[in-house]
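next comes the sequence, and after it the predicted model I'd like to discuss.
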Amino acid sequence: MKMINSHLFLLVILSFTFQCTSGSALRSATEKGQILKVESLLKNEIDINSKNSNNETPLIIATKLGFSDLVKLFIQKNANLEAQDKFGFTALHWATKNRNLEIAKLLLDAKSDPNSLDFKMNTALFYAVEDGHTDMVKLYLEYHPKIDYQNTDGNTFLMLASQKGYVEISKLLLSQNPNVNLQNNQGMTALHMAVGKGRITILKLLLQYGANPNIKNIENQNSDMFAIRNGQTKIRLLLLEFSENK
């Protein structure tokens, strides 16, 4: 019995060693973009989702480095699309952060979750909006993300676009009929964001889509009061004109 147990233990150790060694070889080949070597390694019983010290799988590595052919291969071999690295980033997060439309589309077509959260509770779309990448935002909207999702600060995609002054992205988001009057942890709406930064074009868009200028933040400031605080004279005139025309 002891001999059998010893043999079993040895087999487990050998199997573990093989997986560690082969996993390392797979990640190394991936980093170098060696698709033929990767294909050869995948013919063996190897863990396609093995991770390095940064919790990166071969799919995440290939995505970060922009190797679309390897990404296609890993998808075909059923790699875990939702694996997360030490930041909580999935391959989709990295494709977005690196502005790689081709790989982002490959991952989304393969059913990568557009609502997957990193450790800061941000979806990949937050990074596309923050970066002002209009085409990436347009791509995401084809896959029906949760348009009113709020991160740990309570911010929505629309709030971020309004604050940054991204007119085209704001138009794209508004076309999805989001709740324009949601408030973040500071009680700020997208309209507050536009007012504070003097985003006149976006302010007009938000008002057209039903933004309420009377909503107050946690400092008891509506949009007009917030405009005063931030010295936005033109914005105040527009808000007054809007109020008079209602």
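Perfect, I can see it now.

residue 231: neighbour count?
Per other Cβ atoms under 10 Å, the neighbour tally for residue 231 reads 9. For every residue, glycine as well, the C-beta is placed using N, CA and C.

roughly how far does the closest residue to residue 188 other than its chain neighbours sit from residue 51?
Leaving out its chain neighbours, the residue that sits closest to residue 188 by Cβ to Cβ, 6 or more residues apart in numbering is residue 217, at 5.1 Å. Separation of residue 217 from residue 51 (Cβ to Cβ, to the nearest Å): 43 Å.

quick check: which element contains the residue nearest to residue 188?
For residue 217, there is no host helix or strand (DSSP states H and E).

correct me, but it touches residue 185?
No - assessed by Cβ atoms under 8 Å, residue 217 is found out of contact with residue 185, at 10.1 Å.

neighbour-wise, which of the two wins?
residue 217 (18 against 12).

what residues are up against the more buried one?
183, 186-189, 192, 226 (Cβ atoms under 8 Å, 6 or more residues apart in numbering).

give me the buried subset of the residues you listed.
Among the contacts of residue 217, the ones that count as buried by 16 or more other Cβ atoms under 10 Å are 183, 188-189, 192, 226.

in helices only, show me those residues.
Per DSSP state H, helices hold the following members of the buried ones among the contacts of residue 217: 192, 226.

report the two of the buried ones among the contacts of residue 217 separated the most.
183 and 226 (12.6 Å; Cβ to Cβ).

give me the low-pLDDT residue ranges for the protein?
1-22 (pLDDT under 70).

where do the domain boundaries of the protein fall?
1-122, 147-246 (automatic domain parsing).

and of these, who's closest to residue 139?
Closest among the domains of the chain, using Cβ to Cβ: domain 1-122, at 6.1 Å.

run the chain-centre distance for that closest one.
Using Cα atoms, centre = their mean, to the nearest Å, the mean C-alpha position of domain 1-122 is found 19 Å from that of the whole chain.

what of stretch 199-212?
25 Å.

how many other residues sit next to the closest residue in space to residue 26 that isn't next to it in sequence?
Spatial nearest neighbour of residue 26, excluding adjacent residues (Cβ to Cβ, 6+ apart): residue 41 at 5.0 Å. By other Cβ under 10 Å, 20 other residues sit near residue 41.

my guess is residue 41 meets residue 30, correct?
No - in this structure, residue 41 is not within contact of residue 30 by Cβ under 8 Å, at 9.4 Å.

residue 131 - how many residues pack around it?
17.

check contacts around the residue lying closest to it once chain neighbours are set aside.
Leaving out its chain neighbours, the residue that sits closest to residue 131 by Cβ to Cβ, 6+ apart is residue 99, at 6.9 Å. Contacts were defined as Cβ under 8 Å, 6+ apart; by that measure residue 99 touches 131, 133, 136.

what about these, which are in strands?
The members of those all map outside strands under DSSP state E.

with distance to residue 82 added, can I get the residues you listed in JSON lines?
What follows is the contacts of residue 99, written out as JSON lines (distance: Cβ to Cβ, whole Å):
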{"residue": "131", "distance to residue 82": "22"}
{"residue": "133", "distance to residue 82": "22"}
{"residue": "136", "distance to residue 82": "19"}
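
how many neighbouring residues does residue 24 have?
Residue 24 has 12 nearby residues by other Cβ under 10 Å.

one more: residue 233?
By other Cβ under 10 Å, the residues close to residue 233 number 10.

nearest residue to it other than its sequence neighbours?
residue 227 is the one closest to residue 233 (Cβ to Cβ, 6+ apart), at 7.9 Å.

check contacts around that neighbour.
Going by Cβ under 8 Å, 6+ apart, the list of residues near residue 227 reads 195, 233, 235-236, 239.

re the thing from before, could you measure from the residue nearest to residue 131 over to residue 189?
29 Å.
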